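Asker: how does the following fold in three dimensions:
(chains A and B)
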Protein chains: 2
Amino acid sequence: MKKIAIIGSGNVAFHLSRALKETDYEIQMINPRSLDGLSDDFDLILIAVTDTIIEEISGKIADKLVRFNGIVTHTAGTVEMKVFAKYFDNYGVIYPLQTFNKDLEISNYRQIPVFIEGNSKETVDKIYKIISNKFENCVQYSSEQRKTLHLASVFACNFVNAMYSVSEEILNDNDIPYEYIKPLIEYTCFKAIRNNPSDIQTGPAKRGDIGVIKAHIKELADKPEILNLYQTITSFLLKKYGHE
Amino acid sequence: MKKIAIIGSGNVAFHLSRALKETDYEIQMINPRSLDGLSDDFDLILIAVTDTIIEEISGKIADKLVRFNGIVTHTAGTVEMKVFAKYFDNYGVIYPLQTFNKDLEISNYRQIPVFIEGNSKETVDKIYKIISNKFENCVQYSSEQRKTLHLASVFACNFVNAMYSVSEEILNDNDIPYEYIKPLIEYTCFKAIRNNPSDIQTGPAKRGDIGVIKAHIKELADKPEILNLYQTITSFLLKKYGHE
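Answerer: Residues are numbered from 1 along each chain as shown, chains lettered A, B, ... in the order given. From the prediction side, this is the model:
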């Protein structure tokens, strides 16, 4: 039986173990602290831990394994593949571009794009063979391209969610249900999936409507942190659309 | 036959005319410049023009009508109802909370929340009777609440789209297809609809991962406008989640 070890107990480890179920490979979850159960007979080791401890865990794995002949990979957006160079012969990266949360279901793993890298053509081919079985968009990208993807995803996901939560806070503080804004959130996303976002921008900053902007600034007078966000993003848009 | 006049030729006018089709009312589109076709026999006049010219258009309408007995409304988030006080007897606001674009289909008008206001109970009741026929969530809200909704929608829609377009720009500049980030955009929205956004924040700023943040700042060195956005939103999140 071919075997994959997933090292980690976080959101990515959890969802990768689910996504890779029912391939030709047996999946084994390994605790990153103890590494109990890890042995030379794994074909693929997937390190799904916080970026900052990938190097440390790699060292421990290298110490533990004796005649390991498989591939070691991590799943991080911003950690370069070469983190493994001094520890292993065959190594690479398997980076799924999605936001994972253990408590939240993902209905369709197949459509998550996965970016892979390997230290040789053979390694890339082996990783591809395993991953493409479960993911439709499996693309070979460099560490540099992966970093760019990660940065873009901070805007498209983390910062987008930050905007949602500011919206939620403004509504909550005025006893208006967050429910009411959900159709707008959904349609804004729907539009951006079917168009280029820069072509469909709307709002007072896009129009250069200084009157409305001034009214908003006044309304945010007692929320300096949110006001600062509002002013920075509004200035960005005013400039982008030729009003400044 | 009962009649509704929609004054305007923009995105809101276009979509409201579609949304209100097939009620007991005949819809007539009126050009805001000429006001051709406008007469005393309308039951409801809907002014769907840019915020800044609502007052001017109101004056022209008042000049043109002689024995008008219907209701005059506008559709703006930030314009107070009292803009109509000196021109008409019966007036109000019909504010649909959605982003409209003529070129883009809306598949389900019914679920768009509509916030109404009127200068008397009778006016509110009349507006409600017409609008609730086509919109499931028809809620009576004050001008003040409407302003709050509009501000919240700037974050949830306009600023969210700004984040999407920054993401698109970063990818385009590095020859990475925007396609790849779409599943992330969709799932980020999906999560925010089913949870409180502030409970499901992810990313380096949420985790306080200064190493990744520094790498991103370095990567944005040649894009000062985007870097400024990145730093402002990251500081906001670092503070919000207790890292600063």
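
Asker: which parts of chain A are strands?
Answerer: A:2-7, A:25-30, A:44-47, A:71-74, A:91-96, A:114-118, A:138-140 (DSSP state E).

Asker: nearest to residue B:43, out of the ones you listed?
Answerer: strand A:91-96 (56.2 Å; CB to CB). Bear in mind the C-beta positions are built from the backbone N, C-alpha and C, glycine included.

Asker: can that closest one be found next to chain B?
Answerer: No: judged by CB under 8 Å from any CB of the partner chain, strand A:91-96 and chain B are separated, with a smallest distance of 9.7 Å.

Asker: tell me, how many residues neighbour residue A:222?
Answerer: By other CB atoms under 10 Å in any protein chain shown, 8 other residues sit near residue A:222.

Asker: with the one 3 residues further on instead?
Answerer: Counted with other CB under 10 Å, the neighbours of residue A:225 add up to 14.

Asker: cool, residue A:103 as well?
Answerer: 9.

Asker: distance of residue A:130 from residue B:92?
Answerer: Distance of residue A:130 to residue B:92, computed by CB to CB, to the nearest Å: 62 Å.

Asker: now do residue A:227
Answerer: Distance, residue A:227 to residue B:92, by CB to CB: 31 Å.

Asker: please apply the same query to residue A:25.
Answerer: 64 Å.

Asker: ok, now residue A:210?
Answerer: As judged by CB to CB, residue A:210 and residue B:92 stand 27 Å apart.

Asker: okay, those two: which has more neighbours?
Answerer: Of the pair residue A:210 and residue B:92, residue B:92 is the one with more neighbours under other CB under 10 Å, namely 24 against 14.

Asker: the more buried one contacts residue B:125, correct?
Answerer: No: using CB atoms under 8 Å as the test, residue B:92 is too far from residue B:125 to be in contact (10.6 Å).

Asker: list residues touching both of these two?
Answerer: Both residue B:92 and residue B:125 are contacted by residue B:118, under the criterion CB atoms under 8 Å, 6 or more residues apart in numbering or on different chains.

Asker: mind listing the helices for chain A?
Answerer: Assigned by DSSP state H, the helices in chain A fall at A:11-19, A:54-64, A:121-131, A:143-153, A:160-173, A:182-194, A:204-207, A:210-219, A:224-240.

Asker: the fifth one: which residues count as buried?
Answerer: The neighbour-count check on helix A:160-173 (16 or more other CB atoms under 10 Å in any protein chain shown) flags A:160, A:161, A:162, A:163, A:164, A:165, A:166, A:167, A:168, A:169, A:170, A:171 as buried.

Asker: need the contact partners of it.
Answerer: Residues external to helix A:160-173 that are found in contact with it (CB under 8 Å, 6+ apart): A:177-178, A:180-181, A:185, A:226, A:229, B:148-149, B:151-153, B:155-156, B:159-160, B:163-164, B:185, B:188-189, B:191-192, B:196-198, B:200-202, B:233, B:236-237.

Asker: please apply the same query to the longest one.
Answerer: Outside helix A:224-240, the residues within contact range by CB under 8 Å, 6+ apart are A:166, A:169-170, A:201, A:203-206, A:208, A:213, A:216-217, A:220-221, A:244, B:154-155, B:158-159, B:162, B:225, B:228-229, B:232-233, B:236, B:239-240.

Asker: how about the third one?
Answerer: Surrounding helix A:121-131, the residues in contact under the criterion CB under 8 Å, 6+ apart are A:4, A:20, A:23, A:25, A:43-44, A:71, A:73, A:90-92, A:94, A:114, A:116-118, A:138, A:140.

Asker: please redo it, this time with the cut-off set to 10 Å
Answerer: Applying CB atoms under 10 Å, 6 or more residues apart in numbering or on different chains, the contact partners of helix A:121-131 are A:2, A:4, A:16, A:19-20, A:23-25, A:43-44, A:46, A:70-73, A:81, A:89-94, A:96, A:114-118, A:120, A:138-140.

Asker: with the second one instead?
Answerer: In this structure, residues lying in contact with helix A:54-64 by CB under 10 Å, 6+ apart are A:5, A:7-8, A:30, A:32-36, A:38-40, A:45, A:47-50, A:53, A:68, A:72, A:74-76, A:79, A:83-88, A:91.

Asker: show me what contacts the residue lying closest to residue A:75 once chain neighbours are set aside?
Answerer: Once flanking residues are discounted, residue A:75 sits nearest to residue A:48: 4.7 Å by CB to CB, 6 or more residues apart in numbering or on different chains. Residues in contact with residue A:48 (CB under 10 Å, 6+ apart) are A:6-17, A:29, A:32, A:54, A:73-76, A:94, A:96, A:100.

Asker: what do you get if the cut-off is 6 Å, keeping everything else the same?
Answerer: Counting by CB atoms under 6 Å, 6 or more residues apart in numbering or on different chains, residue A:48 touches A:8, A:12, A:13, A:16, A:75.

Asker: can you report phi and psi for it?
Answerer: As for residue A:48, its main-chain torsions (degrees, to the nearest 10) stand at phi -120, psi 70.

Asker: quick one: residue A:244 from residue A:178, how far?
Answerer: Relative to residue A:178, and taking CB to CB, residue A:244 is found at 32 Å.

Asker: then residue A:222?
Answerer: Plainly put, residue A:222 is 20 Å away from residue A:178 if you go by CB to CB.

Asker: just the pLDDT for residue A:1.
Answerer: As predicted, residue A:1 sits at a pLDDT of 68.

Asker: again, but for residue A:102
Answerer: 86.

Asker: for it, give me its contacts.
Answerer: Contacts here follow CB under 6 Å, 6+ apart; on that basis residue A:102 touches A:11, A:14.

Asker: for chain B, see how far away the residue lying farthest from the centre of chain A is.
Answerer: In chain A, counting by CA atoms, centre = their mean, residue A:211 sits farthest out from the average C-alpha position, at 38.2 Å. To chain B, residue A:211 is 6 Å away according to CB to the nearest CB, to the nearest Å.
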